[in-house]
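1. After the sequence you'll find the predicted model.
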Amino acid sequence: MTVAAIESSITAFLEYIKNKYASEHTLINYTVDMRQFSEYLAEQQVSSLEEIDMPRLRAYLRGMYGWGYSKASISRKLSALRSFFSYLKKHGVLERDVARSLQGPSAPRSIPRALSMEAIDKLFEMAKESEDPVRDSAILELLYGCGLRISELVSLKWSDIDIEERWLIVLGKGNKERRMPFGRYAQKALLSLLERRDAKQGESENGFVFEGKKGKDRLSPLTVRTVHRAVTTLAARCGLEGVTPHSLRHSCATHLLERGAPLSFVREFLGHETMVTTQIYLTISASWMKESYAAHHPRATGESFLEGDNPCLKEQL
């Protein structure tokens, strides 16, 4: 069975889903999930359905967390995979259902540790030497500089950005919009991208900021996997492990708090529904905790409470 046969099997399965379910929403979800799985197989150079085994399926699902998908989204994609392989077994395409006992990976127990400023600087320096420095620098500026989710980044269009005033409009979770400021570094990176776009002929002013492959009628956005690969490749070249686009969002928020940003601002900036989410999401970095303890606790430095700079308490005593 060739790659073409894999595609035809997916097409047949989606037609089966279309006839089985009346819900257009269900068909759209299955189509998106199966096309994404097809792209993964192509990147892994899988040429036949027989090559797909349980370890490969588990690796695919594990990667979902690094690509920024929620547990609910991963569960939906898992359901699509189970239905697909059950269909293949039922119709005699495969002798056995390799996804029958497939379980979704456990969600990470803790939020990734924020990167240090030194590590962030290394990433930005490495981006200047990448295969596409203009694109990769802009990706880092928006993931770290604005704390964007990876899904928000790839869906961003030029019509959402006011470069001169340095504002952008983001469509976040639940299709809720939020207006966000960005800095001069991000402005410079976006201007470089814009200059490159304007050098091309016939591009739409409302096109995607980060362009992917060109289809029959228009450009599509970069895929989530492409952005994830760009970030992890830069991190690997810097000698950094476990760095994902979500790590940059977490680092952005943590560094804002370390420099005195109010929690209410960080909540709005990140697009969280409640303050509780922000409090759980933003763990205090180890370095900030040590510095704060050394600066404020009377028993941290070895001097007595009265020896410190605390004139109000001295007067009271």
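-> Perfect, thanks for sending it.
2. List the contacts of Leu102.
-> Leu102 sits next to Met54, Leu57, Arg58, Leu61, Leu78, Leu81, Arg82 when contact means C-beta atoms under 8 Å, 6 or more residues apart in numbering. Any C-beta I mention is one placed from the backbone N, CA and C, and that applies to glycine too.
3. one more time with 6 Å
-> Contact partners of Leu102, counting by C-beta atoms under 6 Å, 6 or more residues apart in numbering, are Leu57.
4. Which pLDDT value belongs to Asp136?
-> You'll see Asp136 listed with a pLDDT of 96.
5. how close does it get to Lys188?
-> According to C-beta to C-beta, to the nearest Å, Asp136 and Lys188 sit 14 Å apart.
6. what about the two, which has more around it?
-> Between Asp136 and Lys188, Asp136 has the larger neighbour count (other C-beta atoms under 10 Å), namely 23 against 13.
7. Look up the closest residue to Lys173, ignoring the ones flanking it.
-> Of all residues not flanking Lys173 in the chain, Gly271 sits nearest, at 6.8 Å (C-beta to C-beta, 6 or more residues apart in numbering).
8. wait, isn't the one you found in contact with Gly172?
-> Yes - between Gly271 and Gly172 there is a contact at 4.0 Å, judged by C-beta atoms under 6 Å.
9. list the buried ones in stretch 193-201?
-> Residues of stretch 193-201 classed as buried: Leu193, Arg197 (neighbour count, 16 or more other C-beta atoms under 10 Å).
10. How far off centre is that stretch?
-> Computed by C-alpha atoms, centre = their mean, to the nearest Å, the chain-centroid distance of stretch 193-201 equals 25 Å.
11. and if you look at stretch 165-183?
-> That offset, for stretch 165-183, works out to 16 Å (C-alpha atoms, centre = their mean).
12. Also stretch 62-82?
-> The chain centre lies 13 Å from the centre of stretch 62-82; the measure is C-alpha atoms, centre = their mean.
13. and what of stretch 266-277?
-> Using C-alpha atoms, centre = their mean, the offset of stretch 266-277 from its chain centre is 17 Å.
14. Kindly report the same for stretch 84-99.
-> 32 Å.
15. hmm, who's touching it?
-> Applying C-beta under 6 Å, 6+ apart, the external contacts of stretch 84-99 come out as Phe13, Asp53, Met54, Leu57, Leu81, Arg82.
16. Next, the buried residues of it.
-> Neighbour counts over stretch 84-99 (16+ other C-beta under 10 Å) mark Phe84, Phe85, Tyr87, Leu88, Lys89, Leu94, Asp97, Val98, Ala99 as buried.
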